[in-house]
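1. Let's see this in three dimensions:
(one chain, ligands or ions: 3)
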Amino acid sequence: MNENISIIGVPMDLGQCRRGVDMGPSAIRYAGVIERLEQLKYDIDDLGDISISRPDRKQREQKNKLRNLPQVAEANEELGKMVDEEIKKQRFPLILGGDHSIAIGSLAGISKHYENLGVIWYDAHGDLNSDKTSPSGNIHGMPLAANLGVGIERLTHILGYSPKIKPENVVIIGARCLDPGEKDYIRDLGIKVYTMHEIDLMGLPKVMAETIDYLEARTDGLHLSLDLDGLDPSEAPGVGTPVIGGLTYRESHLAMEMLAESNLLTSAEFVEVNPILDDKNKTASVAVGLIGSLFGEKLK
Ligand SMILES: NC(=[NH2+])NCCC[C@H](N)C(=O)O
Ligand SMILES: [Mn+2]
Ligand SMILES: [Mn+2]
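-> Residues are numbered from 1 along each chain as shown. Ligands and ions are numbered 1, 2, ... in the order given. Next up is the predicted model:
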């Protein structure tokens with residue numbers, strides 16, 4: 001793995017309705033992410049947090065299908081540019097959210113550098129809605145669709161190009177809450193999804209081994225987009241859209257260790273940590289533990 005990591009915080013809470021997820025980056029820093037990675041001998045450059053502009057009251061009262069679109073789009077443009085710069089410097093971008101709408105900017109900056117970027121979407125949700133299918137109007141339910149080129153241009157064309165990724169290079173792991181439009185889309189495009197059903201049947205080690213083999217054969221870079229709500233809410237309670245019946249702490253560590261061993265990863269993001277909904281920063285600590293495993297921490 002690249003020994004040089006650049007950390008970018010994105011205190012974004014405008015892609016959904018629960019306040020507090022904007023404090024995710026500071027909760028993850030407080031839980032010791034930098035110290036943890038420095039112990040593993042990485043060179044860390046913490047670039048701090050992107051500034052997010054606030055909608056005014058008039059805008060907040062508007063009922064439209066894409067909540068806070070101007071601010072979300074603008075922050076994603078800025079994130080995309082920063083990520084692009086770090087990759088040009090040959091540094092590994094590690095992005096800390098913030099709600100999952102920030103994956104639009106991350107992939108805008110990353111995907112420019114790869115012909116066939118692979119993406120692992122570790123999440124209870126598909127995040128495959130568009131303005132047309134979204135039941136909520138929340139942009140954090142749309143980033144994977146936007147990156148596949150589906151949705152309104154202001155989101156699909158961040159940094160001026162689209163699509164960012166191809167459906168056959170995406171693997172969703174941990175899904176257990178999909179909206180009707182998302183299910184249709186997965187079926188039509190044949191996106192590879194390991195729902196909790198397959199994980200229960202096959203076991204997480206087999207799921208990860210298949211995922212890694214599949215992506216290794218067809219991609220030239222690999223991004224992990226890990227939504228903490230992929231884990232079970234009993235172990236990661238500090239998230240805005242919890243869904244019972246998720247991946248365990250142990251399974252998630254093993255998934256990270258197997259990814260570390262594969263040596264394929266070129267970028268990662270950890271999103272949806274909401275310290276206000278958390279239990280004594282437990283979810284941020286889980287995120288830091290997972291980051292440790294992802295970057296090669298071992299007991300022997
Ligand atoms: N990143 C997330 N937590 N997304 C949750 C999305 C929930 C729902 N599918 C929606 O579109 O509103
Ligand atoms: Mn989710
Ligand atoms: Mn998500």
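2. who's in contact with Leu201?
-> When the contact criterion is CB atoms under 8 Å, 6 or more residues apart in numbering, Leu201 has no partners at all. All C-beta atoms are positioned from the backbone trio N, CA, C, and that covers glycine.
3. Just to be sure, it is in a helix?
-> Yes. Membership of Leu201 in a helix is supported by DSSP: H, G, I helix; E, B strand; the rest coil.
4. Val207 versus that one, what's the distance?
-> Applying CB to CB, to the nearest Å, the value for Leu201 to Val207 is 9 Å.
5. Ok, Asp278 next?
-> Plainly put, Asp278 is 27 Å away from Val207 if you go by CB to CB.
6. now do Ile7
-> 28 Å.
7. the more surrounded of the two?
-> Neighbour totals were compared for Ile7 and Val207, and Ile7 leads with 24 against 21 (other CB atoms under 10 Å).
8. would that one count as being in a helix?
-> No. Per three-state DSSP, Ile7 lies outside any helix segment and is strand.
9. what's the closest non-adjacent residue to it?
-> Nearest residue to Ile7, sequence neighbours excluded (CB to CB, 6 or more residues apart in numbering): Asp46, at 4.6 Å.
10. For Asp99, which residues are in contact?
-> Contacts for Asp99 (CB under 8 Å, 6+ apart) come out as 12-16, 21, 140, 240, 271-272.
11. mind redoing it with 6 Å?
-> By CB atoms under 6 Å, 6 or more residues apart in numbering, Asp99 lies in contact with 12-13, 15-16, 21, 140.
12. Wondering if stretch 220-232 reaches ligand 3 at all.
-> Yes. Legend: contact between stretch 220-232 and ligand 3 by CB under 5 Å from the ion is shown at Asp227.
13. In terms of secondary structure, what does the strand or helix carrying the residue nearest to Ile7 contact?
-> Following DSSP states H and E, one finds Asp46 within strand 43-49. Judged by 3 or more CB pairs under 6 Å, 6 or more residues apart in numbering; DSSP states H and E, the packing partners of strand 43-49 are strand 4-10, helix 33-39.
14. Of the contacts of Asp99, which belong to helices?
-> The helices, defined by DSSP state H, take in nothing from these.
15. Can you select the buried ones among those for me in PyMOL?
-> The following PyMOL line selects those of those that are buried, judged by 16 or more other CB atoms under 10 Å:
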select buried, resi 12+13+15+16+21+140
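16. Include distance to ligand 3 and pLDDT when you put the contacts of Asp99 into TSV, please.
-> Converted to TSV, these look like this (distance: CB to the ion, whole Å; pLDDT from 0 to 100):
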residue	distance to ligand 3	pLDDT
Met12	12	98
Asp13	14	98
Gly15	10	97
Gln16	10	96
Val21	11	98
His140	6	98
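17. Out of the contacts of Asp99, which is nearest to ligand 1?
-> Ligand 1 lies nearest to His140 out of the contacts of Asp99, by CB to the nearest ligand atom, at 4.1 Å.
18. okay but that closest one is in contact with Ile104, surely?
-> No. When contacts are counted by CB atoms under 6 Å, His140 is not listed as touching Ile104 (9.8 Å).
19. ok, for the residue of the stretch 201-300 of the chain at minimum distance from ligand 3, nearest residue in space, not its chain neighbours?
-> Using CB to the ion, the closest approach of the stretch 201-300 of the chain to ligand 3 is made by Asp227 at 3.5 Å. The shortest distance from Asp227 to any non-neighbouring residue, by CB to CB, 6+ apart, is to Asp123 (4.0 Å).
20. Report how many residues lie close to the one you found.
-> A count of neighbours around Asp123, defined by other CB under 10 Å, yields 30.
21. State the pLDDT value of the residue of the stretch 201-300 of the chain closest to ligand 3.
-> If you check Asp227, the pLDDT there is 99.
22. ok, it - contacts?
-> Contact partners of Asp227, counting by CB under 6 Å, 6+ apart, are 100, 123, 271-272.
23. Neighbours of Gly80, how many?
-> Gly80 has 24 neighbours, counted by other CB under 10 Å.
24. Hmm, Ile110 and it touching each other?
-> No. Counting by CB under 6 Å, Gly80 sits too far from Ile110 to count as a contact (8.5 Å).
25. Quick check: next helix or strand after the strand or helix carrying Pro70?
-> Assessed by DSSP H and E, Pro70 sits inside helix 69-88. As assigned by DSSP H and E, the chain's next helix or strand after helix 69-88 is strand 92-97.
26. Am I right that Gly151 is in contact with Ala145?
-> Yes. With contacts counted by CB under 6 Å, Gly151 reaches Ala145, the gap being 5.4 Å.
27. That's all I had, so thanks and see you.
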